[in-house]
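Novice: what follows is a predicted protein model with its sequence.
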Amino acid sequence: MKHFSRISVLIVVLAGLTLLLPGPTDPDLPETATKDPAHAAAETTTIGPVRLFDGFKVIEDAFVVVREGRVVAVGPDIDLPAATIRIRADGQTLIPGLIDSHVHSFGAARQDAARFGVTTLLDMFTDPILLAGARDARDSLAPTDAADLFSSGMLATAPGGHGSQYGVRVDTLTDPSAAADWVSDRIAEGSDYIKIIIEPLGGRLPTLDRNLVEALVKAAHDQDRLAVAHATRLEDAQMALAAGVDGLVHLFHDRPVTDEFIDQARARGVFIVPTAIVMGAALGVIDGSAILNDDSLRDRFSQAQRQTLAQPGWGQLAGQARWELLLENLRRLHAAGVPLLAGSDAPNPGTAHGISLHLELALLVEAGLTPAEALMAATTGPASHFDLGQRGCLQPGCRADMALVDGDPTVDISASRQVRRVWKNGREIRLEHTPGSSQDSLRASKDLLHPYEMAYWQAAGDDFLGGNSTARLVRGDTSLAVLGEVRSGSFFPYAGALWMAAATPMQAVSLGDRKRLTVEVHGQQGPYQIMIFSGESEAAQPIMLELHADGDRHRLEVDIEELAALDRGNFRALGVFATGQPRPVDFSLVEVRLE
Amino acid sequence: MNLSARIHHSPSWQLVQSQWLNLTRMPSYSIPTLGFPLMFYAFFGLIMIPGQSLWLLCTFATFGILGTALFAFGVGVASERAEGWWLLLRCSPAPFCAVLIGKAFSAMLFAAVVTVSMAWLAALFGDVRLPTVGWAGLVLVMVLGTLPFCLLGLAFGLILSPQAAPAVINIVYLPLGFLSGLWIPVAQFPPALQALAEWLPPYHLAALALHVTGTLPGPWLFNVGVLLAYTVIFAAAAGFGWRRLQRASR
C-alpha cells in the first residue's frame, strides 16, 4: 500500500514538474521568436546544397534549415522540411554573419554593417542613450535590416583625456575609490563591458594611471563585466595587462613586442583586437577609398561609408616603418598563440562599417592566420570571448545571421567581401543602398520624447546658416529642454531642437501610416514654430506651422494627411523652434507625438 | 474491497512493486543510472557545446533512457538468473509476466525521472523554452521509447551469461549511443557513419524527440515505424532467449 502511494506520488510529482517547465511566453525570456506575432506563421528557409563554414569547420554540400530566426538543422544529409523556401548556392560559401569587435556605432552604422554581412557590432564607445534600444533589438528575433549592437557605452578616461573630445558626454575619473560607482553607472546605462582608455598621445593628453586602471578592472570584474583597454604603446599595453584587463582593443605599434609581453598575455589569457586596418589608414599605408573602385560592391555603400573611407588618416605618424612593426607584432603574437579578434574601428578615417572588417580579415591572413582562423576571429572567437551566446555560428540553435559569398573564403580570404546575400534573424535583407528611397523605416515609437528617441534630437539654430542664434539641449526622462538665444543676424533667426526621422541625419524615410502630429511646448513668450522637412532634396523648403499659445502652453495638433506640401515617402526631420524677435530661449518640449 | 485495494493485494501488483523496491532500495544502482546521463548532458550539452542545449537535451535524454533500459533489463535479468531467483519464480504460481511488467514499469518511471530532471537542467542552465505540449511530448516520447530498449535489454539478459552481460552491454551501449548521433549530431559524421546511424534504433527515438520539441521539423511516422519494427525484432530475440532458457533448464 505504502509503495503504491509512493509510486503514485512520484508520478504526480513528475507530471507536475513537466507542467511547470518554462514555456516560451514567460516574461523573463530574452530570445524567443514565438512572442512576436509576425512570426506566428513560421516559414522555413533551406539554403543548400552549399559549402558551409559553420564557425568551426567547413562542410561541403550542406543544407542549412532556418526557422523563426534560428538555424534548426545543418548537414549534408538531413531531412528537409516539406514546405520550405529552397535557395541553391552553387560555387558559393555560406558563412555566419560576421562580428566586428571594434566599432563606434553612430548614425546608420548598424544598417551599413549588415549590408556587408556584418551582423553583430561590438561598439567600443558611443552615446549611452542608444543602448536601451539596441538591447531590445538584439534580444528580438524579429526581421530587421540592422546589425545587433553590444557596447561599452561611455568610456573611462581622465578629464580632458582621449575620448572626451567627440561631443558626447563622458563622466571622467580621477579617484580610484570612485571606480565601483562609475562601473555601476555604466551598467545601469546598459554597458555590456567596460572600456578603459590609456592614451597619453605622446604626452599631450592626460590619461588614467595604473591605480585607476586597476580599480576599474576590479570593479568591472566584481560586477561581472569584461574590462578592455585602448592602448597604442607597448608600455601602456603592459600596464593594462598587469592591471588584469581581459582584452586589448588595439595593437601597439611603437615598439616590437617583447617576450615578456607575450608570456604575460598568454598567462592571463588576454585577447587582442589589433584593428590593423584603421592603423594602416592612419599611418597612410592603406588607402581606404581604394575599395570604392570594386565594381561588384558599387551599389553597396552609403554616403557616410564613402565619406569615411575617403577621409585621410590622422597623419603625422611615421608611416611605413611603424606599419611593418605593427604587422610583425601581429605575426609574433599570432605565432605565440595569443587570441586575435577582428575589429575595424569603423567609422574612423579610412574605414567604414562592414567593408573594413573584411579588409581587416585579409590583414590578419597576411599576418599568418589561416583564412579559416581569420573567419573565426570574426565569428566564434568574439562570440566566446565576449560571451555573446548563439552568434557567429551556423549550427542548430544558432541565430540565423548568415552571409552567402562568392568563392571560398576558407581558402582565399578576399572572397569574404564578395557578399551576395545576407540574412539577419533568418530574413534576407536588401544589399543595395539607395539613398532617398525610404530604405530606412521610421522607428516604431510614436512618442518622440520616449527615452529611446532622445538620441535623435539635436540642437539646431540658424548659426550653421551663418546666423548668430544658439541652442543647446538638456535631455530629461520624458521632456527635452532647449536653452539658448535667438539673435538677429540672419534673414530668419531661429533656435530650437530638431528630431531626425532616420538613424542617418536627414536621411529620408516613409511616414507609413502616421496621420497626426501633436506638439506641446512649455515656455514664455512665443512665437514657436514647427518645421517639417520632407521631399526628394534635403534642401527642400520645410513646412512651417505655428503653435497656438495659451499662457505658457503652446500647442498644435495637426492632421498631417492634409498637408499638401508634405512628401510622405521622403520624410526627413521635424523641428520645434523659437522664432521671431531676438530673445533668450528657455523652453521645454513636453509632448511630441507622431501617430 | 475497493478497486485500488484489490490491485494492491493482487500478486501481480506485488511483483510489479517489488521490482520498483528492487531499484529504490539499491541507490548504488539507481543513482549512477540516473546521474550518469545528467552529468553527460551537463558537460556536453550545457558547458562544452553552448548554444545547442535543446538539440542535445533530446539526444542525451535518449542516451539516458537507453542506459536505464539496457542496464535494468540486461544486467538485472542476467544476475537475477544467476541468483536462482528466476528459477524460483518460474516454479511459483505467480504470473511471471508481472515480473517483466514490473521491470518495464520501473524503467519507464526511471526514464521519466531522467527526462524531467534533464529538462529542468536545460531550462535552468541552457535557456531552453518549450510550450508545455513540447515538454510533455518529450517526456512521453522518452517513456514510451523505453519499451523497445527494455526488450533489447531483456534479450541480452536472457541470452548472455551473468558474467558476460555487463561487459557486453557496456560495449553495445556506448557505441550505440555515439553512432546514433546522441553525443554529436549525425550531420557532423562522415557520410559512411551517417548512413549507419539511420539503421540504429536510438537515432529514430532521438529524431522523434527532436520532432516533438520542434527542433527538427520533418516527417515522423517513418521513425515510429522503424522503432516498431525494432520492437518486434527485439521481442523475437527475447522470445528466442526465453525458449533457449526453458530448454536449458529442462
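Specialist: Good, I have the coordinates.
Novice: for chain B, give me its nearest residue in chain A.
Specialist: Residue nearest to chain B within chain A: residue A:75 (2.4 Å; C-beta to the nearest C-beta). (C-beta placed from N, C-alpha, C; glycine too.)
Novice: excluding chain neighbours, what is closest to that residue?
Specialist: residue B:187 (2.4 Å; C-beta to C-beta, 6 or more residues apart in numbering or on different chains).
Novice: now whatever residue of chain B ends up closest to chain A: phi and psi?
Specialist: Of all residues in chain B, residue B:187 sits closest to chain A, at 2.4 Å by C-beta to the nearest C-beta. In terms of degrees, to the nearest 10, the main-chain angles of residue B:187 are phi -60, psi -20.
Novice: what is the burial count for it?
Specialist: Using other C-beta atoms under 10 Å in any protein chain shown, residue B:187 has 21 other residues around it.
Novice: OK, contacts around it?
Specialist: For residue B:187, the contacting residues are A:59, A:62, A:73-78, B:181, B:194, by C-beta atoms under 8 Å, 6 or more residues apart in numbering or on different chains.
Novice: and residue A:107, what's its pLDDT?
Specialist: Note on residue A:107: pLDDT of 73.
Novice: which secondary structure element is home to the closest residue to it other than its chain neighbours?
Specialist: Using C-beta to C-beta, 6+ apart and skipping the chain neighbours, the partner closest in space to residue A:107 is residue A:504 (5.0 Å). Using DSSP states H and E, residue A:504 sits within no helix or strand.
Novice: wait, residue A:504 sits on residue A:108?
Specialist: Yes - using C-beta atoms under 8 Å, residue A:504 is in contact with residue A:108, at 4.2 Å.
Novice: surely residue A:369 meets residue A:334?
Specialist: Yes - Residue A:369 lies in contact with residue A:334 (C-beta under 8 Å); the separation is 5.9 Å.
Novice: so residue A:567 touches residue A:533, yeah?
Specialist: No - Residue A:567 lies out of contact with residue A:533 (C-beta under 8 Å); the separation is 9.6 Å.
Novice: circling back to that earlier point, just the buried residues of the contacts of residue B:187.
Specialist: A:59, A:62, A:73-76, A:78, B:181, B:194 (16 or more other C-beta atoms under 10 Å in any protein chain shown).
Novice: so which of those residues comes closest to residue A:486?
Specialist: residue A:74 (62.5 Å; C-beta to C-beta).
Novice: gap between that closest one and residue A:50?
Specialist: Distance of residue A:74 to residue A:50, given as C-beta to C-beta, to the nearest Å: 11 Å.
Novice: now for those two: what residues contact both?
Specialist: A:62-64.
Novice: export those to JSON lines and tack on pLDDT?
Specialist: JSON lines is the format used below for those (pLDDT from 0 to 100):
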{"residue": "A:62", "pLDDT": "92"}
{"residue": "A:63", "pLDDT": "92"}
{"residue": "A:64", "pLDDT": "94"}
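Novice: show me which of those neighbour chain B.
Specialist: The subset of those within reach of chain B, by C-beta under 8 Å from any C-beta of the partner chain, is residue A:62.
Novice: of the shared contacts of residue A:74 and residue A:50, which belong to helices?
Specialist: Under the assignment DSSP state H, these contribute nothing to helices.
Novice: just the shared contacts of residue A:74 and residue A:50 now: which is nearest residue B:54?
Specialist: For the shared contacts of residue A:74 and residue A:50, the nearest to residue B:54 is residue A:64 (17.0 Å; C-beta to C-beta).
Novice: just give me the neighbour total for the closest one.
Specialist: For residue A:64, using other C-beta under 10 Å, the count is 29.
Novice: residues from the stretch 251-400 of chain A in reach of chain B?
Specialist: Counting by C-beta under 8 Å from any C-beta, the stretch 251-400 of chain A comes close to chain B at A:389-390, A:393, A:395-398.
Novice: make a PyMOL selection of the buried ones in those residues.
Specialist: Burial among those is assessed by 16+ other C-beta under 10 Å; the matching PyMOL selection reads:
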select buried, chain A and resi 389+390+393+395+396+397+398
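Novice: which of the residues of the stretch 251-400 of chain A next to chain B sit farthest apart?
Specialist: Maximum distance among these (C-beta to C-beta): 14.4 Å, for A:389 and A:396.
Novice: with adjacent residues omitted, what lies nearest to residue 230?
Specialist: Just so you know, I chose chain A. Nearest one to residue A:230, counting by C-beta to C-beta, 6+ apart, is residue A:197 at 4.9 Å.
Novice: my question was about chain B
Specialist: Residue B:230 sits nearest to residue B:201 (C-beta to C-beta, 6+ apart), 4.3 Å away.
Novice: ok, now which ones touch that neighbour?
Specialist: B:148-149, B:152, B:180, B:226-227, B:230.
Novice: run the last query once more with 7 Å
Specialist: Residue B:201 is in contact with B:148, B:226-227, B:230, counting by C-beta atoms under 7 Å, 6 or more residues apart in numbering or on different chains.
Novice: how far away is the residue of chain B closest to chain A from residue B:197?
Specialist: Distance, residue B:187 to residue B:197, by C-beta to C-beta: 10 Å.
Novice: and what of residue A:108?
Specialist: Using C-beta to C-beta, residue A:108 is found at 47 Å from residue B:197.
Novice: quick one: contacts for the closest residue in space to residue A:396 that isn't next to it in sequence?
Specialist: Nearest residue to residue A:396, sequence neighbours excluded (C-beta to C-beta, 6+ apart): residue B:55, at 4.7 Å. Contacts for residue B:55 (C-beta under 7 Å, 6+ apart) come out as A:396-397, B:185, B:210, B:215.
Novice: what about chain B, any weak spots by pLDDT?
Specialist: B:1-13, B:15-27, B:49-51, B:93-95, B:217-218, B:248-250 (pLDDT under 70).
Novice: for it, what spans make up the helices?
Specialist: B:3-9, B:11-24, B:27-40, B:53-69, B:76-82, B:85-91, B:96-125, B:132-159, B:164-179, B:191-197, B:201-212, B:221-249.
Novice: now those as TSV including distance to residue A:542?
Specialist: As requested, the helices of chain B are exported to TSV (distance: least, C-beta to C-beta, whole Å):
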stretch	distance to residue A:542
helix B:3-9	83
helix B:11-24	80
helix B:27-40	66
helix B:53-69	53
helix B:76-82	85
helix B:85-91	94
helix B:96-125	54
helix B:132-159	54
helix B:164-179	69
helix B:191-197	65
helix B:201-212	58
helix B:221-249	65
